[in-house]
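Participant: model the structure of this input:
(chains A and B)
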Amino acid sequence: GIQVEQSPPDLILQEGANSTLRCNFSDSVNNLQWFHQNPWGQLINLFYIPSGTKQNGRLSATTVATERYSLLYISSSQTTDSGVYFCAGGVGNDMRFGAGTRLTVKP
Amino acid sequence: DAGVIQSPRHEVTEMGQEVTLRCKPISGHNSLFWYRQTMMRGLELLIYFNNNVPIDDSGMPEDRFSAKMPNASFSTLKIQPSEPRDSAVYFCASSSDWSSGNTIYFGEGSWLTVV
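Facilitator: Numbers count the residues shown, from 1 in each chain, chains lettered A, B, ... in the order given. Predicted structure coming up:
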């Protein structure tokens, strides 16, 4: 199956800072999504983005399908952004998750 | 919308006992997924259904695990007999037609501890 690598594994930011999270795929995907797992364990879908760029408030994501990677941008980070960010990708419903980036935003 | 509903939220059981986890997908969604999350292996896809039919169960760890979806609004994941290494958070998720790009919505998870 598809291998998904995320970087960095851990990230500590001061409130207000910006960050970029990266996701690499071992093969082409036609289904790619970003999720946030909050400290209570809830998994929230952030973006469905197999290609192109999307923005939602302070978050945006870009996928370059031909080069098999996706980026998640967080601007003006807040303490509520803390948690683990996962990307998942695959062909159709066969979605594989990366190991995640653990983000800690300090006040 | 009520979201994906899972039960039980927490379960502690003894090794050898049968465990049944339940899931109600979002109404109108035709794809349902079971994932398992552990510290060692992260989030693993166990099985997914499309229109109540199991499409890929290659992620099911062994014969002790089974999943069913008798109708569009209900699915179960059963472990029999359970073992301590099955301790994990089991997530159910649903989506509508993946080909139209609809997103996957997760339930809150069932936290299973096998002692």
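Participant: ok, now which ones touch the residue minimising distance to the centre of chain B?
Facilitator: In chain B, the residue lying closest to the centroid (C-alpha atoms, centre = their mean) is residue B:34, at 3.0 Å. Applying C-beta atoms under 8 Å, 6 or more residues apart in numbering or on different chains to residue B:34 gives the contacts B:23, B:45, B:46, B:47, B:48, B:67, B:75, B:77, B:90, B:91, B:92. Glycine gets a C-beta too; all of them are placed from N, C-alpha and C.
Participant: same list, the residues you listed, but as TSV with distance to residue A:1 please.
Facilitator: Shown next, in TSV, are the contacts of residue B:34 (distance: C-beta to C-beta, whole Å):
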residue	distance to residue A:1
B:23	23
B:45	9
B:46	13
B:47	14
B:48	13
B:67	19
B:75	22
B:77	20
B:90	20
B:91	18
B:92	21
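Participant: and those residues, which of them are in strands?
Facilitator: Under the assignment DSSP state E, these contribute B:23, B:45, B:46, B:47, B:48, B:67, B:75, B:77, B:90, B:91, B:92 to strands.
Participant: now residue A:31, nearest residue through space, not along the chain?
Facilitator: Leaving aside its sequence neighbours, residue A:31 sits nearest to residue A:90 (C-beta to C-beta, 6 or more residues apart in numbering or on different chains; 5.5 Å).
Participant: returning to what we had before: out of the ones in strands among the contacts of residue B:34, which is nearest to chain A?
Facilitator: Chain A has its nearest neighbour among those in residue B:48, at 5.0 Å by C-beta to the nearest C-beta.
Participant: pretty sure that closest one contacts residue B:67?
Facilitator: No. Shown here, residue B:48 and residue B:67 do not form a contact pair, counting by C-beta atoms under 8 Å, at 9.3 Å.
Participant: the more surrounded of the two?
Facilitator: residue B:48 (27 against 20; other C-beta atoms under 10 Å in any protein chain shown).
Participant: so what's the spatially closest residue to that one that is not a sequence neighbour scoring on pLDDT?
Facilitator: When the adjacent residues along the chain are set aside, residue B:48 lies closest to residue B:33, with 4.4 Å between them (C-beta to C-beta, 6+ apart). Looking at residue B:33, its pLDDT stands at 95.
Participant: for the one 4 residues further on, same thing?
Facilitator: Looking at residue B:37, its pLDDT stands at 97.
Participant: just checking: what are the partner strands of whichever strand or helix holds it?
Facilitator: Using DSSP states H and E, residue B:37 sits in strand B:31-38. According to DSSP bridges, strand B:31-38 forms sheet pairs with strand B:42-50 (antiparallel), strand B:88-95 (antiparallel).
Participant: which parts of it are buried?
Facilitator: By 16 or more other C-beta atoms under 10 Å in any protein chain shown, the buried positions in strand B:31-38 come out as B:31, B:32, B:33, B:34, B:35, B:36, B:37.
Participant: before we move on, the earlier item: so what's the residue nearest to residue B:48 up against?
Facilitator: If you count contacts by C-beta under 8 Å, 6+ apart, residue B:33 has them with A:93, A:95, B:45, B:47, B:48, B:49, B:91, B:92, B:93, B:94, B:95, B:104.
Participant: follow-up on the earlier one: any residues in contact with both of residue B:48 and residue B:67?
Facilitator: Common neighbours of residue B:48 and residue B:67 (C-beta under 8 Å, 6+ apart) are B:34, B:54.
Participant: noted, bye for now.
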